[in-house]
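take a look and give me a structure for this.
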Amino acid sequence: MRIGWVTSNPTFGGPIMQELDRRGHDVIVYRHTESVEHNAFQLGQMLPQCERVFVDWAQPPLEAILQNFDTDNVPVFVRAHRIEMYADEYIKQVPWEKVACLFFVGQHVEERFGEKWQAPPQRVVNLGHVGIDAKQWTIDAAARKFEPPYKIVLAGNIVPKKRVYTAVQLVADLGEDFHLAIYGNGGQAGYGNHEYHINVQDLIEGLGIERRVECGGSLPQDQLRDVFQRSHFVLSASNEEGCHTSIAEGMACGCVPLVNCWRGAADVYPAEWVWQTPKGFYALIDKWLAEPDKGALAETMRAAVLPRYDAQLLAEKACDIITGPLTAQTVGEWYSTGDQLRHMIDQDGNGRQVDALNAVRGWLPEGGSIMELGCGTGYISRTLAQEGHRAVGIDVAGGLLEFAAANNPGGAEFHQADVTRTIGQGPFDVITLIDCLEHIRAPHHEDLILRAASQLAEGGYLVIRFPWQERDRQIIEERVFPKIVRRYCANALLNVVQYTPLGREYFEIVARKGVA
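Next comes the predicted model:
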């Protein structure tokens, strides 16, 4: 499926684009510029090619897309991050009823939008947050010292709505044991006072606390992560936010959140870490300092924010709506229709399949039995059945199995089923997972190998082949790692007898079931 992807901030939209790409969709990227003519040209070139359009940040050129293109045949999906970006006039002029689904990052943002639009979208979904990369934002217990000076981080553009001025005043009254690090760009258009960052610097100097307050520019993610890992608190002094993503990033690194009571804050983050007055702000800090095990508290902060706000999980939920969920049924339908079906049939008996067939023959005894999981067109099963073996092929795609049955002079058996849920009819001398694992969601891999092992005869072989450096551009395209597959085989009490890269792109693992 061709997906148009429109955003002004790839940091937030990136996980969704990566998930669309991982699922095998072609993503066409629109890059917003200062030229109205060039933007119109981009849209005119992109949209006629698309089957879906995803627009992040619900801002221009969204209105141009909805007003000028055929949204009846090209559904448009939109995500709204935060209400303060959008003027009442803009929200009122956008024809939201043409939006197939509008994603919100918080219930409070949905409520604010709903007060202003003329007509609602066709569907509204609240995903709860923008999301963070759990692998990027991690705790480094050795980097954080639980002793003064305690470091508070405020990350985000230095603009009035972030109330950085107030944050400086709050920290000034905390005394010498507390330092404040402010990271973000100043003078941002559309946020009011262009000199606000200068006002903040003047206040720091006026209070004489330059030694305790660092006011720097925006940091790249890896540097900000290092700051969080060495810090103790992450602060949101804002008067309005959608979710203030840096709070989640800091919590994932073990920082304690200090969140001002902007509308919806207590729904986005744990309510006990939201302050309403300066007195409440200081009380939260005292509560944290009284904790006897501050190392455990860091783990508690991470557990509170993950996996609820893991970007990958949220991207999967969004993509399930944008392109349809990845169920066994939808995957089977994808392989059973149109170009995908024709491509699979065209590839029947190609060089890679012949090579795999020859490899399987080397493990199969004379007159033995084989079960081919994810058999596709059933080339291996059909060929081995003609050679006198009992051959069973299982696949989720009915269209591929129809081709297999129609080209099956040897009488191989074919069954339509989801191999992650049910496989049987064993024991077999050989079971194959050839070009299969990468098209099954990774959380199912270990259980699938366990199921396959249960259907092997004593002394039987599980033959696994998968791409490990190339992509097939299928509906699901998981990264499969040889070491992980080897561990799954060991967990299934299989002995790995072959562990071999096949050129630069493919890998083969053969594991044997022990003889009693």
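
quick one, what contacts the residue nearest the centre of the chain?
Centroid-nearest residue in the chain, with CA atoms, centre = their mean: Q312, separated by 2.1 Å. The contact partners of Q312, taken as CB atoms under 8 Å, 6 or more residues apart in numbering, are P15, E19, G131, D133, A134. Glycine gets a C-beta too; all of them are placed from N, C-alpha and C.

try 10 Å
Q312 makes contacts with P15, Q18, E19, R22, G131, I132, D133, A134, K135, as judged by CB atoms under 10 Å, 6 or more residues apart in numbering.

most surrounded residue in those residues?
Neighbour counts for these (other CB atoms under 10 Å) peak at I132, which has 27 neighbours.

I figured it hits Y309, correct?
Yes. Using CB atoms under 10 Å, I132 is in contact with Y309, at 5.8 Å.

overlap in contacts of the two?
C243, T245, I247, A248, E249, M251, A252.

ok, what's across the strand from the nearest residue to C375 once chain neighbours are set aside?
Leaving out its chain neighbours, the residue that sits closest to C375 by CB to CB, 6 or more residues apart in numbering is G393, at 3.3 Å. On the basis of DSSP bridges, G393 is bridged to E372, F414.

ok, G393 - contacts?
Per CB under 10 Å, 6+ apart, neighbours of G393: 370-382, 384-385, 400-401, 404-405, 408, 412-416, 432.

buried subset of those?
Neighbour-count burial (16 or more other CB atoms under 10 Å) applied to the contacts of G393 gives 370-382, 384-385, 400-401, 404, 408, 412-416, 432.

so which of those residues are in strands?
Among those, the residues falling in strands (DSSP state E) are I370, M371, E372, L373, E413, F414, H415, Q416, T432.

redo the residues you listed as JSON lines? Include distance to L502.
Converted to JSON lines, these look like this (distance: CB to CB, whole Å):
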{"residue": "I370", "distance to L502": "20"}
{"residue": "M371", "distance to L502": "22"}
{"residue": "E372", "distance to L502": "18"}
{"residue": "L373", "distance to L502": "19"}
{"residue": "E413", "distance to L502": "28"}
{"residue": "F414", "distance to L502": "27"}
{"residue": "H415", "distance to L502": "28"}
{"residue": "Q416", "distance to L502": "29"}
{"residue": "T432", "distance to L502": "15"}
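
in stretch 172-186, what's buried?
Buried residues in stretch 172-186 (16+ other CB under 10 Å): A172, L174, F178, H179, L180, A181, I182, Y183, G184, G186.

low-confidence ranges, the stretch 401-516 of the chain, go.
469-475, 516 (pLDDT under 70).

count the residues that sit near Q353.
Q353 has 18 nearby residues by other CB under 10 Å.

er, A80 actually
26.

that one pairs with what?
Counting by DSSP bridges, A80 is bridged to F104.

check contacts around it.
Per CB under 10 Å, 6+ apart, neighbours of A80: 55-59, 62, 86, 91, 102-106, 109-110, 112-113, 121, 124, 242.

so which of these are in helices?
L62, I91, V109, E110, R112, F113 (DSSP state H).

between those, which sits nearest S238?
V109 (13.6 Å; CB to CB).

model confidence at the closest one, what's the number?
Here the pLDDT value assigned to V109 is 89.

and it, how many neighbours?
26.

do the same with V53
27.

which secondary structure elements does the strand or helix carrying it sit against?
Taking DSSP states H and E as the criterion, V53 maps to strand 52-56. Applying 3 or more CB pairs under 10 Å, 6 or more residues apart in numbering; DSSP states H and E, one finds that strand 52-56 contacts strand 2-7, helix 10-22, strand 26-31, helix 62-68, strand 76-80, strand 101-104, helix 311-323.

quick one: mean pLDDT for that strand?
Mean pLDDT, computed over strand 52-56, is 91.

any idea how far that strand is from the chain center?
16 Å (CA atoms, centre = their mean, to the nearest Å).

over to stretch 409-427?
For stretch 409-427, the distance to the chain centre is 33 Å (CA atoms, centre = their mean).

residues of it that come out buried?
A412, E413, F414, H415, Q416, A417, D418, V419, T420, I423, G426.

now the strands for the stretch 201-350 of the chain?
Under the criterion DSSP state E, counting those that start in this stretch, the stretch 201-350 of the chain contains strands at 213-216, 233-236, 256-260, 274-275.
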